[in-house]
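Novice: predicted model, plus sequence, below.
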There are 2 protein chains.
Amino acid sequence: MTGGAGEGRISGEDLLIARLFEPIARHPGALGLKDDAAVLAPPPGHDLVLTKDALVAGVHFFPDDPPASVARKALRVNLSDLAAKGAEPLGILLAIAIPADMPAEALEAFAQALGADAHAHGAPLLGGDTVRTPGPLTISITALGAVPAGTMVKRASAPPGQAIVVTGTIGDGALGLCLRREPGRPGFAALDSAGREFLADRYLHPRPRLALAGALRRFASAAMDVSDGLAGDLAKMLAASGVGGEIEAERVPLSPAARAAIAAEPALLVPALTGGDDYEILAVMPDHNLDAFAATATAAGIGTTVIGRTFAGEGLLVRDGEGAPMDLGAGSFSHF
Amino acid sequence: MTGGAGEGRISGEDLLIARLFEPIARHPGALGLKDDAAVLAPPPGHDLVLTKDALVAGVHFFPDDPPASVARKALRVNLSDLAAKGAEPLGILLAIAIPADMPAEALEAFAQALGADAHAHGAPLLGGDTVRTPGPLTISITALGAVPAGTMVKRASAPPGQAIVVTGTIGDGALGLCLRREPGRPGFAALDSAGREFLADRYLHPRPRLALAGALRRFASAAMDVSDGLAGDLAKMLAASGVGGEIEAERVPLSPAARAAIAAEPALLVPALTGGDDYEILAVMPDHNLDAFAATATAAGIGTTVIGRTFAGEGLLVRDGEGAPMDLGAGSFSHF
C-alpha cells in the first residue's frame, strides 16, 4: 500500500493510517502491504472474475453511517457481484480516500470491520492505496474471484421460455433507505421496532449470496445481483439477453417487515420493486433446474422464488394482482 | 460497469457517462462493460501481480491538468508498479468519481486518452465503476499483471553487497512539480522553454518501464518504482530488506534540464533527490548482472546508472561530491 502518487514523501500521519490496514492484510500475497504490488497464484484451470464498485459518502451511504457498516457494505457489494457470477472470492484490493476530518477511531473501526468481514467471506485484503481527499470519504474495492474456466454466469445469456428466480426477499434495502429518509411515513409507523431495525439493517448490510455460487454455475442460464432495483435490473438483463420477460408483483418475495409496511402504505410497493440495495441474486434458469437450485439454496438457508418467465420478444412487463400491467412510476418506466 | 451501489436507478446522465467508457473496453473479457464483472483467463503457470493507486484532484494532480494527462498518469502510475515487479500487464479496472461540474468534453477526453494509452501499453480496460461525487475528481485504477510463477521481483529482498541501480533520470517529475508551483524560481529562469516543457511533461506523463520487466525478473534481486522520491523510496527498500545502503548524489542521473536548473539553483538538488513522480525503477542487483541489465535497457532506449551499494547494516547514507553525508532537509531525515 503506497501513500499515493505525486506528493512527495508520506507524512507521519499517513504512515499511521496505512499501518491501520497492515494487521488486516494477513494473506501472504499481500506482502504486509509493504511492496508495490500483491502477488497471487490463481487456481489452475480457472478464469478470473473481476469487479470494482466505488462508494462515496453522501451518495452511496450516509456520512453518519457507522464506519464498520460502511466497510462491510463496500466489501459486500463487490462480493455480491462475484456471487452472482458464480465465482468464489480470491481477495480484494482497497483504495480509500480519507477526509482530513475523519477521526482516527472511525478509520480504525473501518479497518477492523473490513478485515473481519473480508476474513469471514474468504476474501483477504491483498493491497491497495490510502490517500487524502479534501472531499467526502470515498472507497473503491476491487474484488477478484475465480470460476472453473468457461463457467462464469453471464448477464446477457438469458434464453426465452425459462423461469425468472430471485433469492431472499426484495425491497428490504430500499425500504430501509426510505425509512432512514422519511421515518414518519405511515408504512413505517405500522412496524414494531424489530421491523424497523430489520429494514435499516438490510440497507446497511448486504448479504452476498456466495453460498449459491456453485449452484448458479450449475443451474442458471444467466444471473446478476440486484443492486439497482429488481425491475430495472431485470429489464437490463432481458435487454442484454435479447429476450422479453414478465413477472407478477404478487409473487415477488417480501419480508414480514416489508409486507407489513406495504400493507399499511401500498405506495411503498413501488420503491420495494424499483429501489436499489437488495443484493439478492436474480437468475434465469430452465424449469427442470428449479428444484435442484432451490434445494441447494434451502440447505444454505436462502429462500428462492420464481417470479415470472422470459419469452421471445423484448421488454419487461410487471403485472399486478389482477394481471394488469403495473405503473411503477414515470421515472421508472423510462428505464424499463 | 455498474452505476454504483445504493441510490436506486441510474439516471440518464449517468448512463451517458458509463457509455463513454464502453467504446474503449474492447477486450472480450470486459463484456462491453455490460455485466456485473469482467472475466479473464490468466496465463497458465503464472502468478498474478495486483496493484491499485488512487489519485485525487488537488492532491495528486492539479485540477486544471488536461483530462487526457490525468488519465494517462492514473494509468501509468499503476503500470509503473507492474514494471518494477517484473510483470507484464493483463488489464485494468477503473473507478472514477465524477464531480457534477465536470464538463462532458473533459470526461470524453479522459475516456479517450485512457483507452488509447491502455491499448498502447497492452493493458485493456476490463471493467470498473462510474459514480458521482460532491467532492473532487477521484480516480482509482487497479492493474493486473502476470509473472512466471514465483518470479515477482520483490522490494524486501535486497541483499547486502550489491549494486543500487536506477533507470532513466531522477528528479524531473519533482522539478516539474516545483516549476508548476513556483515558476519564478531562479533555477527555472535559467532554462529555455524546451527545458521547462520537458520538466512539466515529465511531471504529467510518467513513463512506466514495462520494457524492463523481463530483465528485472532475470537480473534484479529486488526492485520498486520510484514514486515518492528516490531517497525515501530507497530507504524504504533497504529497511524492508534489512540492509543498509549508500549512494553518491553526484552519480544520480539527471536530465540536461534538471542539471541546468540545479546548476543555477543548487537548492533544487534536494527536491530532485527527495521529491516524487519519477516513476523510474530502483533495483538492487549483483555486480555480475549489471552489464546484461544495462544492455537490455539500452536496447529499449532506457538508461541505467549505478548510484551506490547495499551493505550489511541499516540506514541510507547519501554522500555529496566530497563524500560527506548530505543534509536532505529536516523534513526528509525523519523518514530515512
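Specialist: The structure has been received and is ready for your questions. In this text the structure is predicted, and so the values were computed from the model without any measurement.
Novice: tell me which stretches of the stretch 151-300 of chain A form helices.
Specialist: Counting by DSSP state H, counting those that start in this stretch, the stretch 151-300 of chain A forms helices over residues A:172-181, A:186-189, A:193-204, A:213-219, A:230-241, A:256-264, A:269-274, A:290-299, given from the N-terminal end onward.
Novice: looking at those, which is closest to B:Gly91?
Specialist: Judged by Cβ to Cβ, the one of these that comes nearest to B:Gly91 is helix A:230-241, at 21.3 Å. For every residue, glycine as well, the C-beta is placed using N, CA and C.
Novice: for that closest one, what is the distance to the chain centroid?
Specialist: 16 Å (Cα atoms, centre = their mean, to the nearest Å).
Novice: same thing with stretch A:48-63?
Specialist: Average the C-alpha atoms of stretch A:48-63, do the same for its chain, and the two points are 10 Å apart (Cα atoms, centre = their mean).
Novice: in the stretch 51-200 of chain A, which residue sits nearest chain B?
Specialist: Chain B sits closest to A:Gly135 of the stretch 51-200 of chain A, with a gap of 1.8 Å, by Cβ to the nearest Cβ.
Novice: low pLDDT regions in chain A?
Specialist: Screening chain A residue by residue with the criterion pLDDT under 70, one finds the ranges A:1-17, A:329-336.
Novice: which residues in it form strands?
Specialist: Assignment of strands within chain A using DSSP state E yields the ranges A:38-40, A:46-56, A:88-99, A:125-133, A:138-148, A:163-167, A:222-226, A:244-248, A:280-285, A:304-311, A:316-319.
Novice: got the contact list for the last one?
Specialist: The reference is to strand A:316-319. A:231, A:234-235, A:238, A:244-249, A:273, A:325-326, A:328, A:336 (Cβ atoms under 8 Å, 6 or more residues apart in numbering or on different chains).
Novice: try 6 Å
Specialist: Residues outside strand A:316-319 that contact it (Cβ atoms under 6 Å, 6 or more residues apart in numbering or on different chains) are A:234-235, A:238, A:245-249, A:325-326, A:336.
Novice: and of the helices of the stretch 151-300 of chain A, who's closest to B:Ser221?
Specialist: Each of those was checked against B:Ser221 via Cβ to Cβ, and the shortest separation belongs to helix A:213-219, namely 40.6 Å.
Novice: in contact with the nearest residue to A:Ala74 once chain neighbours are set aside, which residues?
Specialist: For A:Ala74, ignoring the flanking residues on the chain, the nearest one in space by Cβ to Cβ, 6 or more residues apart in numbering or on different chains is A:Ile139 at 4.5 Å. When the contact criterion is Cβ under 6 Å, 6+ apart, the partners of A:Ile139 are A:55, A:74, A:96.
Novice: contacts only, for the residue of the stretch 51-200 of chain A closest to chain B.
Specialist: Under the criterion of Cβ under 6 Å, 6+ apart, the neighbours of A:Gly135 are B:135-136.
Novice: go on, A:Asn289?
Specialist: When contacts are counted by Cβ under 6 Å, 6+ apart, A:Asn289 touches A:Phe219.
Novice: how near is it to A:Phe219?
Specialist: Applying Cβ to Cβ, to the nearest Å, one obtains 4 Å for the distance of A:Asn289 from A:Phe219.
Novice: follow-up on the earlier one: closest one to B:Pro256 out of the contacts of strand A:316-319, please.
Specialist: Here the nearest of those to B:Pro256, counting by Cβ to Cβ, is A:Ala235; it sits at 60.0 Å.
Novice: tell me, how many residues neighbour that closest one?
Specialist: Look at A:Ala235: counted by other Cβ atoms under 10 Å in any protein chain shown, it has 22 neighbours.
Novice: for A:Pro186, list the residues it contacts.
Specialist: A:264-265 are the contacts of A:Pro186 under Cβ under 6 Å, 6+ apart.
Novice: so how far is A:Arg202 from it?
Specialist: 20 Å.
Novice: buried ones in stretch A:21-30?
Specialist: Using 16 or more other Cβ atoms under 10 Å in any protein chain shown as the test for burial, stretch A:21-30 gives A:21, A:24-25, A:27, A:29-30.
Novice: what does stretch A:201-211 give?
Specialist: Neighbour counts over stretch A:201-211 (16+ other Cβ under 10 Å) mark A:202-211 as buried.
Novice: close to chain B, is it?
Specialist: No: judged by Cβ under 6 Å from any Cβ of the partner chain, stretch A:201-211 makes no contact with chain B; its nearest approach is 8.1 Å.
Novice: run through who's touching that stretch.
Specialist: Counting by Cβ under 6 Å, 6+ apart, the neighbours of stretch A:201-211 from elsewhere in the structure are A:69, A:72, A:76-77, A:79-80, A:83, A:167, A:172-173, A:176-177, A:277, A:279, A:281, A:300.
Novice: list only buried entries from those.
Specialist: Members of those that pass the buried threshold by neighbour count (16+ other Cβ under 10 Å) are listed as A:69, A:72, A:76-77, A:79-80, A:83, A:167, A:172-173, A:176-177, A:277, A:279, A:281.
Novice: export stretch A:129-142 to CSV, keeping only CA atoms.
Specialist: Coordinates of each C-alpha in stretch A:129-142 appear next as CSV, following Å, rounded to 0.1, in the frame of the first residue of the first chain:
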residue,chain,number,x,y,z
ASP,A,129,-3.9,2.6,-1.6
THR,A,130,-4.7,5.1,1.2
VAL,A,131,-4.8,8.7,0.1
ARG,A,132,-6.1,12.0,1.5
THR,A,133,-9.0,13.9,0.0
PRO,A,134,-10.5,17.3,0.5
GLY,A,135,-13.8,15.7,-0.4
PRO,A,136,-16.0,13.1,1.1
LEU,A,137,-14.8,9.6,2.2
THR,A,138,-14.5,7.6,-1.0
ILE,A,139,-14.0,3.9,-1.1
SER,A,140,-13.2,1.7,-4.1
ILE,A,141,-12.8,-2.0,-3.7
THR,A,142,-11.7,-4.4,-6.4
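Novice: in that stretch, what counts as buried?
Specialist: Along stretch A:129-142, the positions that meet the burial threshold by neighbour count (16+ other Cβ under 10 Å) are A:129-133, A:135-142.
Novice: related to what we said a few turns ago, Throw the contacts of strand A:316-319 into CSV and include distance to chain B, thanks.
Specialist: CSV is the format used below for the contacts of strand A:316-319 (distance: Cβ to the nearest Cβ, whole Å):
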residue, distance to chain B
A:Leu234, 12
A:Ala235, 10
A:Leu238, 12
A:Gly245, 17
A:Glu246, 20
A:Ile247, 17
A:Glu248, 21
A:Ala249, 17
A:Pro325, 19
A:Met326, 16
A:Phe336, 10
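Novice: could you flag which of those are buried?
Specialist: Among the contacts of strand A:316-319, those scoring as buried are A:234-235, A:238, A:245-249, A:326, A:336 (criterion: 16+ other Cβ under 10 Å).
Novice: what's the closest of the contacts of strand A:316-319 to A:Gly150?
Specialist: Set against A:Gly150, the nearest of the contacts of strand A:316-319 by Cβ to Cβ is A:Leu238 (23.7 Å).
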